[in-house]
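J.: Need a 3D model of the following:
(chains A and B)
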2 protein chains.
Amino acid sequence: MASAEIITVGTELLLGQLVDTNTTFIAKALADAGIDVHRETSVGDNAARIAAAAREALGRADCVIIAGGLGPTVDDLTRDGAAAATGRALELHEASLERIKAMFARLGRPMAENNARQAMMPAGAIVLDNDQGTAPGFIVEEDGRALIAVPGVPREMKEMITQQVVPWLVKRYGVEATIVTRVLNTIGLGESDLDARIADLFHAGVNPSIAVLAHYGQVDVKLTAKAATRAEAIAMLDELEPRIRERLPDCVYAVDGGPIEQVVGELLRARAWTLATAESCTGGRIATMLTSVPGSSDYYLGGVVSYANEAKLDFLDVAPDLIEQHGAVSAEVATAMAVGVQAHLRASCAIAVTGVAGPGGGSEEKPVGLVYVALAGPDETADVRKLMLPGDREMVQRRAAMAAMTMLWKAAR
Amino acid sequence: MASAEIITVGTELLLGQLVDTNTTFIAKALADAGIDVHRETSVGDNAARIAAAAREALGRADCVIIAGGLGPTVDDLTRDGAAAATGRALELHEASLERIKAMFARLGRPMAENNARQAMMPAGAIVLDNDQGTAPGFIVEEDGRALIAVPGVPREMKEMITQQVVPWLVKRYGVEATIVTRVLNTIGLGESDLDARIADLFHAGVNPSIAVLAHYGQVDVKLTAKAATRAEAIAMLDELEPRIRERLPDCVYAVDGGPIEQVVGELLRARAWTLATAESCTGGRIATMLTSVPGSSDYYLGGVVSYANEAKLDFLDVAPDLIEQHGAVSAEVATAMAVGVQAHLRASCAIAVTGVAGPGGGSEEKPVGLVYVALAGPDETADVRKLMLPGDREMVQRRAAMAAMTMLWKAAR
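T.: Residues are numbered from 1 along each chain as shown, chains lettered A, B, ... in the order given. Modelled structure (predicted):
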């Protein structure tokens, strides 16, 4: 079994200013590929210390992955450290320089001189292209050992590790087991509720393994099967998936899908429905989620952030006595907001949210966390849900937005 | 100046199952005490590897702190590793055994036999009591170097580091230096542009050090001064700060401040201005930023996400022939959107954004990245900026929102 070490570079790590999540991601990716990680090291932005750590690690492991220190500034010294550790010179890699120049040209901006430094590679390196940013990575092989450098920007690092580094390692070290993963994307259940429903299905070392990954109200259940062949691994997942699904009725909105806003967008497009939004306590979060999806103008018409009551009256035609009678945070006002924005924009459906996000503004009758979500559907249907959401201001806002997306998904699926 | 290394122990770290926040905490505590951390290492639950890592670290640094592996199970091997690294035997520490027994007695539970293992200490060690749990820590001194072990349970580790380890180190190494940091929060310049303007002021090892930390269009410049006294460190920062500022005119929006939306909110509140928003390509991002700040209802009235043209006509009273004549993405329409939402909500000022976020929707005349930001101010003033923003959809949306915040900041400061 191939052995690996991970080195992360950055003085901010040694000062305790940044939590090192890159190491966690890379370690997990290597473990999933069947590669053993024996040690992890962090060093500062110092070429001699990077070189020393890399040399030592290469003396112990089959491959060493360095993350960080590939930026354009004088503080970015991983290129120098890797070259020193492997006794090579840095040489200009023309193709990378052209790629970086082309990237700036596309943006209509001049390339800063220091960006050229990013195209300097240890002699004889295999260059790893970076689709997400300027810094290319590289692999240097020496006596059957590999020194691999990837950027420290998480988005760039993740893409390069997943798409290029792991496949190269699997091929290079003939890692045998095939690993197939399948992600069930769920919405509507919190992480611990979901965990409690399926906890008896997984324990340490079981294959396929089950991991529960939460991101603010949306929870992914990741199934990972290891087997000798791909077909075998897929068969194992096919056996497990329905057992998970029956525990999570009305929660799985996609398999290996994108975020809920993308899946909702696909459903709206398929039905040729248009959508409008009216947001009070979520303050634009639902609109932001919807418009993060390319092409969302096909179905999303727009909406109102009715933060002050006057915005509810002026833009949404909510009757003043409705607010007076029931309060701005009420089922009646939520419904009126949805119906109002639907009518203004002649949308097939509309979603509206009103609530108390906190920390101020709560009362005994209407405490922080009280949220109403209303959906105005086609054919003059309307539906409203009352929620009591836990957490601080940000959590209440995110969870309320997620509840709105859940309602939309159930209506459009 | 005393140098330190940190070693964290746990196979789950090497499998990527756990993010190593202990290292971050210890690094921060040492930095604050003026102790330089040169390297951080993680190893698995393996006595030989713990011993090797500890020996190597003691060869480089004045003190080495190991966190984790002090539990009662056979997997907890830091005691064995530390004893091996310093060539000592493990001996029963009677007082610790009594303390552990007493702790169980207080809980009315029998002590499991393996808990006795936690009272085994390297011969000659200084024992560190643990008020929060069963595992004592220890310090072994060897040739003027110190090997220090603390538990991996964060609560126990934090208490022991803060209350016992740092005070011991400060006394032992006569650490005198004080570290003072100051963050200049900037907006309006990209990371590499900003870096290029101040790069000549910093190079490796210079004091005060300068670090450039970017988060999506908002860039922090962190100055860190080390000196014998706090007053001296502050004087160094006072000397450096204006030299940085003169390179970054109209960019520093706060010192040790929060995000731009919070600072803009404070300015609006101080002027008793109210604000409205009209967003096309940013799709609610500006509203979301503004409403993420607690108490933003004091100055933010709300706004419109005018994604489709009909929303611009219906909610913002943009004249149809204005769109026909200049296009929805134009200085004229941006200004009309700002003026329209300002009038509807009777706001002191309003900000509006229209543009092409991409990836689709661009043309030769109006390419992806073209964005107009308009500000309608008090006294019927209006201002509009044309921008060509680089990056993918998400980056264009974020940068456009940040440009709007910059305009607001300049108007309200």
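J.: Where do the helices of the stretch 201-350 of chain A begin and end?
T.: Assigned by DSSP state H, counting those that start in this stretch, the stretch 201-350 of chain A shows helices spanning A:230-245, A:260-271, A:285-291, A:309-316, A:320-326, A:331-345.
J.: Centre of the chain to the longest one, how far?
T.: Between the centre of helix A:230-245 and the centre of its chain there are 25 Å (CA atoms, centre = their mean, to the nearest Å).
J.: Could I get the buried residue list for that helix?
T.: With burial defined by 16 or more other CB atoms under 10 Å in any protein chain shown, the residues of helix A:230-245 counted as buried are A:Ala233, A:Met236, A:Leu237, A:Leu240, A:Glu241, A:Ile244. For the C-beta atoms, the positions are set from N, CA and C on the backbone; glycine is no exception.
J.: and if you look at the last one?
T.: Buried residues in helix A:331-345, counted by 16+ other CB under 10 Å: A:332-342, A:344-345.
J.: nearest to B:Gln132, of the residues you listed?
T.: Taking CB to CB as the measure, B:Gln132 lies nearest A:Ala334 of the buried residues of helix A:331-345, at 46.7 Å.
J.: Run through the helices of the stretch 1-150 of chain A in chain order.
T.: Secondary structure of the stretch 1-150 of chain A (DSSP H, counting those that start in this stretch): helices at A:11-14, A:21-32, A:47-58, A:78-85, A:94-106.
J.: Make CSV out of these and add distance to B:Arg39 and mean neighbour count.
T.: Shown next, in CSV, are those (distance: least, CB to CB, whole Å; neighbours: other CB atoms under 10 Å in any protein chain shown):
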stretch, distance to B:Arg39, mean neighbour count
helix A:11-14, 8, 23
helix A:21-32, 14, 21
helix A:47-58, 7, 20
helix A:78-85, 13, 25
helix A:94-106, 30, 15
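J.: Those helices: which one's closest to A:Gly358?
T.: A:Gly358 lies closest to helix A:21-32 among the helices of the stretch 1-150 of chain A, at 28.4 Å (CB to CB).
J.: Return the residues of the stretch 301-413 of chain A in contact with chain B.
T.: A:301-308, A:310-311, A:314-315, A:344-346, A:357-361, A:393-394, A:397 (CB under 8 Å from any CB of the partner chain).
J.: hey, what's the residue nearest to the spatial centre of chain A bridged with?
T.: The centre of chain A sits closest to A:His215, judged by CA atoms, centre = their mean, with a distance of 8.0 Å. Beta-bridge partners for A:His215, by DSSP bridges, are A:Gln218.
J.: The helix-or-strand element of chain A with minimal mean pLDDT: which residues count as buried?
T.: Counting by mean pLDDT, DSSP states H and E, the weakest-scoring helix or strand in chain A turns out to be strand A:209-215, with a mean of 78. Of the residues in strand A:209-215, A:Ser209, A:Ile210, A:Val212 count as buried by neighbour count, 16+ other CB under 10 Å.
J.: Generate JSON lines for these, with distance to chain B as supplementary columns.
T.: Formatted as JSON lines, the buried residues of strand A:209-215 follow (distance: CB to the nearest CB, whole Å):
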{"residue": "A:Ser209", "distance to chain B": "11"}
{"residue": "A:Ile210", "distance to chain B": "13"}
{"residue": "A:Val212", "distance to chain B": "12"}
